[in-house]
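>>> I'd like to go over a predicted model; first the sequence, then the structure.
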2 protein chains.
Amino acid sequence: MRAINRFNVLDTIRRAGSIARIEISDRTQLSTTTVSAITASLLDDGLILARTEGDLREAAARGRPRVMLELNPDAARVVGAKIAANRMVFVVTDFRGEVLSTLTLALRVDRQPIGVIADLIEDGVRRCVVDANLALDEIDSVCLGLPGVIEHRTGHVRTSPIFREAGVDFAKEMSERLGVTTIVESDAHAITLAHHWFGKARDLDDMVLVSLEQTLGLGVLHGGQLFRGAGGLSHNLGDLVLGIGPQGTVRLASLAGESAILGDQPGGGRFAEAIRLGRGMAHAKTLIDAEDISLISAAIRAGEACGTALANIVTLFAPPRVILVGSSLALGQPFLDSLREAYSLAIPPSIKGVTELVFDQSTDETWAQGAAVVALRELYESPWGTTGPAPAL
Amino acid sequence: MRAINRFNVLDTIRRAGSIARIEISDRTQLSTTTVSAITASLLDDGLILARTEGDLREAAARGRPRVMLELNPDAARVVGAKIAANRMVFVVTDFRGEVLSTLTLALRVDRQPIGVIADLIEDGVRRCVVDANLALDEIDSVCLGLPGVIEHRTGHVRTSPIFREAGVDFAKEMSERLGVTTIVESDAHAITLAHHWFGKARDLDDMVLVSLEQTLGLGVLHGGQLFRGAGGLSHNLGDLVLGIGPQGTVRLASLAGESAILGDQPGGGRFAEAIRLGRGMAHAKTLIDAEDISLISAAIRAGEACGTALANIVTLFAPPRVILVGSSLALGQPFLDSLREAYSLAIPPSIKGVTELVFDQSTDETWAQGAAVVALRELYESPWGTTGPAPAL
DNA sequence: GTTATTTAATTCGCATTCCGTTAAAAATAC
DNA sequence: GTATTTTTAACGGAATGCGAATTAAATAAC
């Protein structure tokens, strides 16, 4: 019970960034007395800090000035990582989720043995932690965001394009290697939480995010919580069936996955080289700008498929906002236009106007930051799983 | 706080049907003292009853016999209704959700003016209440389940096959007519809750239900709560796009909707007559059994479409169980077999085995009962919206 | 420069609620 | 009658939250 209120207060402080006790009491509907008690305990535990300056009310501020409270950055450190087929990005963040150090490794881990991938990740985590002038035992937890179908609760990776094997207990593996609690989560879920905390969904507790990367992922936020399937399973949009063709089922991934768009490039060419370095989409963009017919048509096909699938998702979830992220957005107009057009054709009239589409080109660092947020949330989370009653009246 | 515990205790009693205090204390993790206090207050308020007999432990029950507690049926009365294009079914239930009286009206309300439909519903409610030997002012609330896209919070019907108009504030209209709080809800949501309370999902707090009726509906239960979109919007599966054909988008409804399966039957025929009376699917079944080629192929087409769409839904929600209900199930083998086959083709291997398919042929009365459950839940619901912690260890 | 006013935060006292323990009462089996 | 089990009752302790009064810190007014 106190735990609930404590979490609500903490979360309110996080959302506001910097806030006075009175304001907390307003937003949480708790009495000033209770807020005072809880904030005192939070101060005591070193989770928050008091700052005398910074009262931003109208200039003419009579009365006792407010004491602004904010999260104590030093209360915890976590590592977040985005693991993709051709690059890894690590960040160390503080308790606020602010980045202390970044490390990008451009290397293709695609389909290598688990041990090799784990080695690389372990190395990246360690180096990034050192870059932040920290030691590993100062890190409270680690979260790895990777593509594929992942059980969050167990850290079990059912399938992932970066693993040869299916069914890997990756969280266990990495926890043991690092000696730090390690969470494994779908990259789409990570970026979803990043948007909820810092990005284009800060104002919403309900929204849907679609990630268009090598893998097509989905994140659904419902009541401030990630909506997960049975066992905390993440979704894989690429598995959606768009229709039945002559050669069996046509899945979204086969039309809009990265490899479907970029196609099989001859091994020695510049394009293939760019793909290997994770610049495939950027390179494709330049080719599209140069009017490369086959790429343009691939982009249009992909856009149409995505738009249709997106409409179906909106039909099912009816969120107030959908955020689209991922490397495929870099394809530019042909892709985006055909996506929008297919979407507006496919969206049923009965829910027209319910959902707003937002495109966002986040950097890889943001994804890694999202993974860090996943880790932070576990530290934050109230034992009840409530995000707390909405700001209310 | 006490409100939460009170709700949990009440909900535990409801789930168990009949339960002793000790058992409640076991399941809710509350002390026997607290349970005693709460049950005393519930008894006082007349929400529950004590029954001396009925201790079902092993025959050799020494010691003081348990006093079984159960919901007091007389604590409330609600009306639930299923409104379909060619029939209306009303039930009056008690506080337990048990049916006190039923009324079926076989009439085609399809596309009549709102006023006419409202008249018929009003009449049905009143008659059903009288049949239960009650007066309308003894009814605590009414819930109407109808097909279409409906905003639960406001009772605003965005679109419904039974209304000519779009955007009708039907809850308001009916509340005024009846002088009783009236809730309007999607019929699919109603049957979903019915299964959660009484049917094939009693043991689960997470599941998905797909209703294959005139309209194709969806109900998603998540953490014991209906998952609703923005504004409490219900979903309409019929709007799902299966592909892009020559004449634009192909929606599920155009392949698997009732009218798509049964086709346009000549006005005077026996089949058309059966459809008008709501026996369309049953009649179709007899024709299929008689090897009517065109119907069989329609059923197969519909089954395939449903199976594919179902796989997509499972991909997105990954529920432990999916319950399929609705009149289309009555089509029999050709439909069910092709559905199952398309489903297993389309379900991605990465989540194979996660979801169990269950078919259920509920009567219309069950649907109406589900609507009653929607009404009862509002009476029950704790102010916090928690369904309560799971039975736990 | 002192006093009044205003606003923020804390302290204090009160009420509620829950839990644990203990004890008693109730109802039945042996 | 005695033992066993469930239920109720009573007391103390602890935690929490709220309201009212109090203290704190600053500006405005005189």
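Noted; the coordinates are in hand. Residues are numbered from 1 along each chain as shown, chains lettered A, B, ... in the order given.
>>> residues in chain A within reach of DNA strand C, list them.
Listed as neighbours of DNA strand C in chain A under the rule Cβ under 7 Å from any atom of the strand: A:20-22, A:32-33, A:36-37, A:39-40, A:57, A:62-67. C-beta coordinates here come from the backbone N, C-alpha and C atoms, glycine included.
>>> ok, the closest residue to DNA strand D within chain A - contacts?
Nearest residue of chain A to DNA strand D: A:Arg2, at 2.7 Å (Cβ to the nearest atom of the strand). A:Arg2 is in contact with A:Ile38, counting by Cβ atoms under 8 Å, 6 or more residues apart in numbering or on different chains.
>>> A:Gly238 and A:Leu252 touch, don't they?
Yes. Using Cβ atoms under 8 Å, A:Gly238 is in contact with A:Leu252, at 5.4 Å.
>>> more neighbours: the two, which one.
Ranked by neighbour count (other Cβ atoms under 10 Å in any protein chain shown), A:Gly238 and A:Leu252 place A:Gly238 first, with 29 against 25.
>>> which SSE is the residue lying closest to A:Gln265 once chain neighbours are set aside in?
Nearest residue to A:Gln265, sequence neighbours excluded (Cβ to Cβ, 6 or more residues apart in numbering or on different chains): A:Ala272, at 4.1 Å. Taking DSSP states H and E as the definition, A:Ala272 sits inside helix A:270-276.
>>> how far out from the middle of the chain is that helix?
Offset of helix A:270-276 from its chain centre (Cα atoms, centre = their mean, to the nearest Å): 27 Å.
>>> mind listing what the closest residue to A:Gly231 other than its chain neighbours touches?
Leaving aside its chain neighbours, A:Gly231 sits nearest to A:Glu151 (5.0 Å; criterion: Cβ to Cβ, 6+ apart). By Cβ under 8 Å, 6+ apart, the residues touching A:Glu151 are A:157-158, A:231-234.
>>> minimum pLDDT in those, which residue is that?
Minimum pLDDT for those is recorded at A:Gly231 (78).
>>> residue of the stretch 251-393 of chain A closest to chain B, please.
Using Cβ to the nearest Cβ, the closest approach of the stretch 251-393 of chain A to chain B is made by A:Ala318 at 2.5 Å.
>>> follow-up on the earlier one: among the contacts of A:Glu151, the buried ones, what's the PyMOL command?
Selection of buried members from the contacts of A:Glu151 for PyMOL, criterion 16 or more other Cβ atoms under 10 Å in any protein chain shown:
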select buried, chain A and resi 157+158+231+232+233+234
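>>> the contacts of A:Glu151 in strands, which ones?
The strands, defined by DSSP state E, take in A:157-158 from these.
>>> over to the nearest residue to A:Leu345 once chain neighbours are set aside. Which of the three states is it?
Spatial nearest neighbour of A:Leu345, chain neighbours left out: B:Thr249 (5.8 Å); criterion: Cβ to Cβ, 6+ apart. Using DSSP: H, G, I helix; E, B strand; the rest coil, the structure places B:Thr249 in strand.
>>> so the lengthiest helix in chain A versus helix B:293-317, what angle?
Assignment by DSSP state H gives helix A:293-317 as the longest helix of chain A. For helix A:293-317 against helix B:293-317, the angle by axes from the mean of the first three to the mean of the last three Cα atoms, to 10 degrees is 90 degrees.
>>> just checking, next helix/strand downstream of helix A:293-317?
strand A:321-325.
>>> which stretches in the stretch 151-300 of chain A count as helices?
Under the criterion DSSP state H, counting those that start in this stretch, the stretch 151-300 of chain A contains helices at A:170-178, A:187-197, A:253-256, A:258-262, A:270-276, A:280-289, A:293-317.
>>> buried set for stretch A:169-176?
For stretch A:169-176, by 16+ other Cβ under 10 Å, it's A:170-171, A:173-175.
>>> only C-alpha atoms, please: export it in PDB.
C-alpha atoms of stretch A:169-176 as PDB (Å, rounded to 0.1, in the frame of the first residue of the first chain):
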ATOM      1  CA  ASP A 169      18.000 -19.100 -22.500                       C
ATOM      2  CA  PHE A 170      19.900 -16.000 -23.200                       C
ATOM      3  CA  ALA A 171      19.100 -14.100 -20.100                       C
ATOM      4  CA  LYS A 172      20.500 -16.900 -18.000                       C
ATOM      5  CA  GLU A 173      23.600 -17.200 -20.200                       C
ATOM      6  CA  MET A 174      24.400 -13.500 -20.000                       C
ATOM      7  CA  SER A 175      23.500 -13.100 -16.300                       C
ATOM      8  CA  GLU A 176      26.100 -15.800 -15.500                       C
END
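>>> on that earlier part again, could you measure from the residue nearest to A:Gly231 over to A:Gly229?
Noted for A:Glu151: a distance of 9 Å to A:Gly229, by Cβ to Cβ, to the nearest Å.
>>> next: A:Arg158.
11 Å.
>>> now the longest helix of chain A: average pLDDT?
91.
>>> now do that helix and helix A:280-289, the angle between them.
120 degrees.
>>> helix A:293-317: how far from the chain's middle?
21 Å.
>>> now A:Phe163: how far from A:Val157?
Per Cβ to Cβ, A:Phe163 is found 6 Å from A:Val157.
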